[in-house]
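Novice: pasting the sequence and the predicted coordinates here, then a few questions.
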Amino acid sequence: MDLMANTLLSAGASPAMVHELQEIPDFTPRADALCVNVGTLSTEWLPAMMAAAEAEVRSGKPWVLDPVAAGATGFRLKACLELVGLRPTVIRGNGSEIIALSRASVGPTKGVDSSHESTDAMEAAKALAQASRCIVAVSGAIDIITDGQRVVGAQNGVAMMQKITATGCSVTALIAAFVAVDPLHAFEATASALSIFGIAGEIGMDMAKGPASLRMHLIDSLYGLDEATVLRRVNINRLP
Amino acid sequence: MDLMANTLLSAGASPAMVHELQEIPDFTPRADALCVNVGTLSTEWLPAMMAAAEAEVRSGKPWVLDPVAAGATGFRLKACLELVGLRPTVIRGNGSEIIALSRASVGPTKGVDSSHESTDAMEAAKALAQASRCIVAVSGAIDIITDGQRVVGAQNGVAMMQKITATGCSVTALIAAFVAVDPLHAFEATASALSIFGIAGEIGMDMAKGPASLRMHLIDSLYGLDEATVLRRVNINRLP
Amino acid sequence: MDLMANTLLSAGASPAMVHELQEIPDFTPRADALCVNVGTLSTEWLPAMMAAAEAEVRSGKPWVLDPVAAGATGFRLKACLELVGLRPTVIRGNGSEIIALSRASVGPTKGVDSSHESTDAMEAAKALAQASRCIVAVSGAIDIITDGQRVVGAQNGVAMMQKITATGCSVTALIAAFVAVDPLHAFEATASALSIFGIAGEIGMDMAKGPASLRMHLIDSLYGLDEATVLRRVNINRLP
């Protein structure tokens, strides 16, 4: 939550973290978007996540799901599937998570189990996006973003970002902020958020001596990013 | 909790974080002061907060309330009002939080709703301090501290501190540490804590390139602060 | 959790944080080692901690206990004793924690109460290790590691590490990672983890200006450590 909140503040958004079911009816209408992250999922938190997602959908506002470790346990996969059933605007995960979620909700996309490979992840993402009518983003060496028809790859960022806990969670939160600003273009907003978070990582890497200083410089860079730098560095391409 | 604990350690205090109701009777007597922060409030945590506050009051020790987002939900406002009823030594919030709390416990302080303006916050703070017989501090461009009669403004700190999550929470924790050292002068201790945290931010800002490096330099500066630097930079003035 | 996870990532391990009891049967078999930290213990979390420890023991995999503030409350001491009964591979605490735990499970090791002194901690650690048939490590100016017979002292690290919250928790997590790699030499793995975390602190200290920059440089240094540097700096000696 700490890095997620600091990512959002650095990007100009106004984060608030709410867990309590009783607060959802009052609080959710105040938010322009919702990010549900199942990282440290518990039986107690799930009803609040569901209620918040339902409230967002009812009010026509976007919400984003981060299905952390979706395939690691039955409890977690079941929870993620219930959340997917509430029609998130965007789902952002790594290859394993998206493949696990796609298989559980749509079925296998290929006969042979070659999970974690990028082609498998792309097929799984497309199938999940089509079945769930949402944007699906897969983080990796190349981030894949699809609405089920279009597929683009965002190729910004540095490998060391994976050595910092919660960078995936944080880019999901950033996607929620971007989608809040432009809900009618969730596909473009998602690709932009992934690319811009990656650009902040690239600039941060120039000053970093390891994962902890990269974490600091990444947030500083995100705060200081200007449009010209983004346009010069952005690397988003249509994928076949 | 992470930044709060590191703030306290850097200032020479000994923080401990306890959530479990069953631990309150054993643990609270060991603490010289208590900080109750309703940031990620839950139904489960509230009874422990109440029990800890009651134990502090019974033993004559100070406790400090951070009414995070007090006005955002009915559940939160009700919880904050119950906590205020337990007679905190100090309440520290931003303008919106103090205004929400003051209105709910005392009633509106002005006929016209011009909430968030600093004059409104000052009137709300004074009314709340009088009604609750405690010190009320309002963070802002100028921090306002009042005991219901006296009002001082502390004008240290830099705007970028608002771009770091939990700086408000952390200065509340620091107030608790200061009040623990000098419980008979809670008004002065509160103003000093706000000023010194701000001074650490000012010194940190000289080295910062963004919010994340400011966060680091702020804590380093707090750790390294000496009396001469504080006396040279402190900016606390009586307000009319 | 944040610093623990970043410590593990920087050391090349793959951390995951799980709280939910229902996830333990599915998740624990995926982990090569378990770290149980009672820092912010709650009634709700304890059954999951117990279930995870039992699952590790059943499958012959190592698990490590951090008895944070074991002696501070009756609830916490009882929970720690129950966990010790599940036969951790390693227990890592500070002097007070190990003395409290040893006294509660074995009885006093000396007639005179001179708690917190290093000789007392050493006797308490040996008694606890013998009674529980596990490795016990005591953090301090010299870290003490014992299996009940052998005793070594690891003398790496810098005093300022105590001014950073969760450094103790993080070195316990690192012990779990080291023991996962070499479960048959848990004694050596524990001493090595303590020494290497200390070495990372020593190198970080050369660049640090306070606790927050030390925290950053420590993690960067841990990430960048090579064998030659470790061998040159390691300071582990047999104690009488």
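Specialist: Looks like it came in fine.

Novice: list the contacts for residue A:166?
Specialist: Contact partners of residue A:166, counting by CB atoms under 8 Å, 6 or more residues apart in numbering or on different chains, are A:2, A:3, A:4, A:39, C:2, C:5. Any C-beta I mention is one placed from the backbone N, CA and C, and that applies to glycine too.

Novice: measure the last one to residue C:170 for me?
Specialist: The span separating residue C:5 from residue C:170 equals 9 Å under the rule CB to CB, to the nearest Å.

Novice: quick check, pLDDT for the residue of chain A found nearest chain C.
Specialist: Going by CB to the nearest CB, chain C is nearest to residue A:210 of chain A, at 2.8 Å. Listed pLDDT for residue A:210 reads 98.

Novice: low-confidence ranges in chain A?
Specialist: Along chain A, segments meeting pLDDT under 70 span A:109-118.

Novice: interface residues of it facing chain C?
Specialist: A:2-3, A:39-44, A:69, A:72-76, A:162-166, A:208-213, A:215-216 (CB under 8 Å from any CB of the partner chain).

Novice: now a PyMOL select for only the buried ones of those residues.
Specialist: Of the residues of chain A next to chain C, the buried ones can be selected in PyMOL as follows, counting by 16 or more other CB atoms under 10 Å in any protein chain shown:
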select buried, chain A and resi 2+3+39+41+42+44+69+72+73+75+76+162+163+164+165+166+208+210+211+212+213+215+216
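
Novice: which ones among the residues of chain A next to chain C lie within helices?
Specialist: Among the residues of chain A next to chain C, the members found in helices (DSSP state H) are A:2, A:3, A:74, A:75, A:76, A:211, A:212, A:213, A:215, A:216.

Novice: now distance to chain B too, for the residues you listed, in JSON lines please.
Specialist: Converted to JSON lines, those look like this (distance: CB to the nearest CB, whole Å):
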{"residue": "A:2", "distance to chain B": "6"}
{"residue": "A:3", "distance to chain B": "9"}
{"residue": "A:74", "distance to chain B": "25"}
{"residue": "A:75", "distance to chain B": "20"}
{"residue": "A:76", "distance to chain B": "21"}
{"residue": "A:211", "distance to chain B": "13"}
{"residue": "A:212", "distance to chain B": "10"}
{"residue": "A:213", "distance to chain B": "9"}
{"residue": "A:215", "distance to chain B": "7"}
{"residue": "A:216", "distance to chain B": "4"}
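
Novice: can you pick out the most distant pair from those residues?
Specialist: Put simply, by CB to CB the two of those set farthest apart are A:74 and A:213, 38.9 Å from each other.

Novice: close to chain B: what parts of chain A are there?
Specialist: Selection of chain A residues close to chain B by CB under 8 Å from any CB yields A:1-2, A:5-6, A:9-10, A:15-23, A:26-27, A:30, A:44, A:215-224.

Novice: those in helices, which ones?
Specialist: Among the residues of chain A next to chain B, the members falling in helices are A:2, A:5-6, A:9-10, A:26-27, A:215-224 (criterion: DSSP H).

Novice: from the contacts of residue A:166, which is closest to residue B:86?
Specialist: Comparing these against residue B:86 with CB to CB places residue A:2 closest, at 28.7 Å.

Novice: wait, isn't that closest one in contact with residue C:2?
Specialist: Yes. Between residue A:2 and residue C:2 there is a contact under CB atoms under 8 Å: 5.9 Å.

Novice: any residues in contact with both of those two?
Specialist: By CB under 8 Å, 6+ apart, the residues touching both residue A:2 and residue C:2 are A:166, B:2.
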